[in-house]
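Trainee: here are the coordinates; sequence isn't available:
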């Protein structure tokens, strides 16, 4: 069919080439089947022409069947399986889900933390469960994942496990050597273990802390390093993450006022995961915040507080595949993310009942909640 004007675009047509915005961002990829809402997106971006494949999808049942058979065959071949193995795959035992492995990890972490003052950390047992959890890493989306059940006093353990998962994923996104990935996960898991030595009444105090209470809280970084010095199978980077995750690249952090390259890269990674999950997890005295607002805050912290290169990777990769996610806006409207500019990934375009809302232009609105 070739190039056609926007007025000729109909749902069901398949794109013959990528559709790009005026700024060069890919709006829709080649091969995408046009949906009714996509026409509105094209109009919002002032796209006047699109390249369409010769045949319209679904025009003949025979073609549709052939296409389906071909795609199924390709999928099976891609996964390295033969068609004859399909029946055996159907009867294979059901593997635990991401949530099930996550809940096991939270339970193990809770037991390990509670006994850490009197017993050695069960690092090997924790590693085994982390490995089982990371089998499901492709199902983990940092913006949308939330615990199925969280007891009000188990926040610490959920925060630890989520920080471990996100730190591990961020280490991969940054192309760190694979030998570092598990150690970065340990760094995320144990970064706040020193809180076990802090007075619980201070640690969980909902009102403003006094100067002396703040000083006591800050000791958790040193306490954590001391605990991890006794642990086996954890490298120095993971220990330093416990000590340094509150340091800032401009030297304004604690406990040692380190700056720039003095801060271990594990600590820089964990600092971002720590902030994100501390703000997006529900607490007894504070509601969870919007992950998109938290990403914006983390971006603002990149100027002098957090490592800007790591922040950029985290924000770009965490928002890379959010098209199609249903969200609630701050005006309580429900919509679906249809496009985001790579320069402003926290303020995407949202389709609400056929109307495109550009959050870059309508700054008074923001994404309040991710629905799924």
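Mentor: Okay, I see it. Remember, it's a predicted structure, so these values are computed and weren't measured experimentally. Residues are numbered from 1 along each chain as shown.
Trainee: show me which residues of stretch 244-259 are buried.
Mentor: 244-249, 253-254, 258 (16 or more other Cβ atoms under 10 Å). No exception for glycine: its C-beta is placed from N, CA and C like everyone else's.
Trainee: and those residues as a markdown table, adding pLDDT and distance to residue 111?
Mentor: Compiled in a markdown table, these are given as follows (pLDDT from 0 to 100; distance: Cβ to Cβ, whole Å):
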| residue | pLDDT | distance to residue 111 |
| --- | --- | --- |
| 244 | 98 | 27 |
| 245 | 98 | 23 |
| 246 | 97 | 26 |
| 247 | 98 | 30 |
| 248 | 97 | 33 |
| 249 | 96 | 35 |
| 253 | 97 | 31 |
| 254 | 97 | 30 |
| 258 | 98 | 33 |
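Trainee: between which two of these is the distance greatest?
Mentor: Farthest-apart pair in the buried residues of stretch 244-259 is 249 and 254; separation 13.5 Å (Cβ to Cβ).
Trainee: which one of the buried residues of stretch 244-259 sits closest to residue 281?
Mentor: residue 245 (16.5 Å).
Trainee: the closest one and residue 291, how far apart?
Mentor: For residue 245, the distance to residue 291 equals 20 Å [Cβ to Cβ, to the nearest Å].
Trainee: about what we covered before: what is the nearest of the buried residues of stretch 244-259 to residue 144?
Mentor: residue 245 (24.6 Å).
Trainee: pLDDT score for residue 72?
Mentor: pLDDT for residue 72: 40.
Trainee: offset the numbering so it begins at 95, please.
Mentor: Got it, the first residue is 95 from now on, which makes the last one we talked about residue 166.
Trainee: please enumerate residues in contact with stretch 212-229?
Mentor: Outside of stretch 212-229, the residues within contact range by Cβ atoms under 8 Å, 6 or more residues apart in numbering are 189-190, 192, 195-196, 198-199, 202-203, 205-206, 258-259, 262, 276, 279-280, 283-284, 321-322, 324-328.
Trainee: list the contacts for the spatially most central residue of the chain?
Mentor: In the chain, the centroid-proximal residue (Cα atoms, centre = their mean) is residue 236; its distance is 2.1 Å. By Cβ under 8 Å, 6+ apart, residue 236 lies in contact with 260, 263, 370, 385, 412.
Trainee: which strand or helix spans the third one?
Mentor: With elements delineated by DSSP states H and E, residue 370 resides in helix 359-374, which encompasses its position.
Trainee: now the first one
Mentor: Element membership of residue 260 [criterion: DSSP H and E] is helix 249-267.
Trainee: now that helix, how far from the centre of its chain.
Mentor: Computed by Cα atoms, centre = their mean, to the nearest Å, the separation of helix 249-267 from the middle of its chain amounts to 9 Å.
Trainee: mean confidence score for it?
Mentor: 97.
Trainee: next: stretch 365-377.
Mentor: Confidence for stretch 365-377, expressed as mean pLDDT, is 94.
Trainee: and it, what's buried?
Mentor: Buried residues in stretch 365-377, counting neighbours by 16+ other Cβ under 10 Å, are found at 365-375.
Trainee: re the thing from before, and of the contacts of residue 236, the nearest to residue 308?
Mentor: Among those, residue 370 lies closest to residue 308 (Cβ to Cβ), at 22.3 Å.
Trainee: how about the nearest residue to that closest one, chain neighbours excluded?
Mentor: Distances taken as Cβ to Cβ, 6 or more residues apart in numbering place residue 388 nearest to residue 370, at 5.7 Å, with adjacent residues excluded.
Trainee: tell me which helix or strand that neighbour sits in.
Mentor: For residue 388, the host element (DSSP H and E) is helix 385-395.
Trainee: who does that helix touch, helix- and strand-wise?
Mentor: helix 359-374, helix 402-412, strand 461-464 (3 or more Cβ pairs under 8 Å, 6 or more residues apart in numbering; DSSP states H and E).
Trainee: for burial, what's the neighbour tally of the residue nearest to residue 420 when sequence neighbours are not counted?
Mentor: In this structure, residue 420 finds its nearest non-sequential neighbour in residue 465, 4.2 Å apart by Cβ to Cβ, 6+ apart. Residue 465 has 11 neighbours, counted by other Cβ atoms under 10 Å.
Trainee: so which of the contacts of stretch 212-229 sit within helices?
Mentor: Residues of those located in helices (DSSP state H): 192, 195-196, 198-199, 202-203, 205-206, 258-259, 262, 276, 279-280, 283-284, 321-322.
Trainee: OK, contacts around the nearest residue to residue 191 once chain neighbours are set aside?
Mentor: Closest residue to residue 191 apart from its sequence neighbours, by Cβ to Cβ, 6+ apart: residue 230 at 7.0 Å. Residue 230 makes contact with 191-192, 195, according to Cβ under 8 Å, 6+ apart.
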